[in-house]
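S.K.: Fold the following for me, if possible:
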Amino acid sequence: QVQLVESGGGLVQPGGSLRLSCAASGFTLDYYAVGWFRQAPGKEREGVSCITSSDGSTYYADSVKGRFTISRDSAKNTVYLQMNSLKPEDTAVYYCATDCNFPRNWGQGTQVTVSS
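M.R.: Numbering: from 1, shown residues only. Alright, predicted model coming up:
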């Protein structure tokens, strides 16, 4: 069964850090581009970051550039999103999916709340 499971969310103060994990089962994640997306209350889902399958190129939304880093661990079949210098506006449910342009195989999401 093809499945992605996100974890690592939580409550953090502004300026803090979290690392989200997107673990795959039932398929090899290295063969796919993987994207992180987020949806804040009352807002549409937006793309946050993407890592390609071919050469590992990475892409970031302007709002997170310089603060977030996406990476892969092939041995663990997992993609990470390291989030530093978090801001209240980063509060959202974060999802991972395969294929950044036409995302599919969505995970269930993990809540990130940035608040003092």
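
S.K.: Could you pull up the residues touching the spatially most central residue of the chain?
M.R.: Centroid check for the chain by CA atoms, centre = their mean gives Trp36 as the closest residue, at 3.2 Å. Contacts here follow CB atoms under 8 Å, 6 or more residues apart in numbering; on that basis Trp36 touches 20, 22, 47-50, 70, 79, 81, 94-96. (Glycine included, C-beta is placed from N, CA and C.)

S.K.: could those residues go into a markdown table alongside pLDDT, neighbour count and distance to Leu29?
M.R.: Compiled in a markdown table, the contacts of Trp36 are given as follows (pLDDT from 0 to 100; neighbours: other CB atoms under 10 Å; distance: CB to CB, whole Å):
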| residue | pLDDT | neighbour count | distance to Leu29 |
| --- | --- | --- | --- |
| Leu20 | 98 | 24 | 14 |
| Cys22 | 98 | 27 | 8 |
| Gly47 | 97 | 16 | 18 |
| Val48 | 98 | 24 | 17 |
| Ser49 | 98 | 25 | 15 |
| Cys50 | 97 | 22 | 13 |
| Ile70 | 98 | 23 | 12 |
| Val79 | 97 | 29 | 6 |
| Leu81 | 98 | 27 | 14 |
| Tyr94 | 98 | 23 | 17 |
| Tyr95 | 98 | 22 | 15 |
| Cys96 | 98 | 30 | 10 |
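
S.K.: For those residues, could you give me CSV that also reports distance to Tyr59 and secondary structure?
M.R.: Formatted as CSV, the contacts of Trp36 follow (distance: CB to CB, whole Å; DSSP: H, G, I helix; E, B strand; the rest coil):
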residue, distance to Tyr59, secondary structure
Leu20, 16, strand
Cys22, 16, strand
Gly47, 8, strand
Val48, 10, strand
Ser49, 6, strand
Cys50, 4, strand
Ile70, 8, strand
Val79, 13, strand
Leu81, 12, strand
Tyr94, 16, strand
Tyr95, 16, strand
Cys96, 14, strand
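
S.K.: Just give the number of residues close to the closest residue to Thr78 other than its chain neighbours.
M.R.: Leaving aside its sequence neighbours, Thr78 sits nearest to Ala23 (CB to CB, 6 or more residues apart in numbering; 4.7 Å). By other CB atoms under 10 Å, the residues close to Ala23 number 18.
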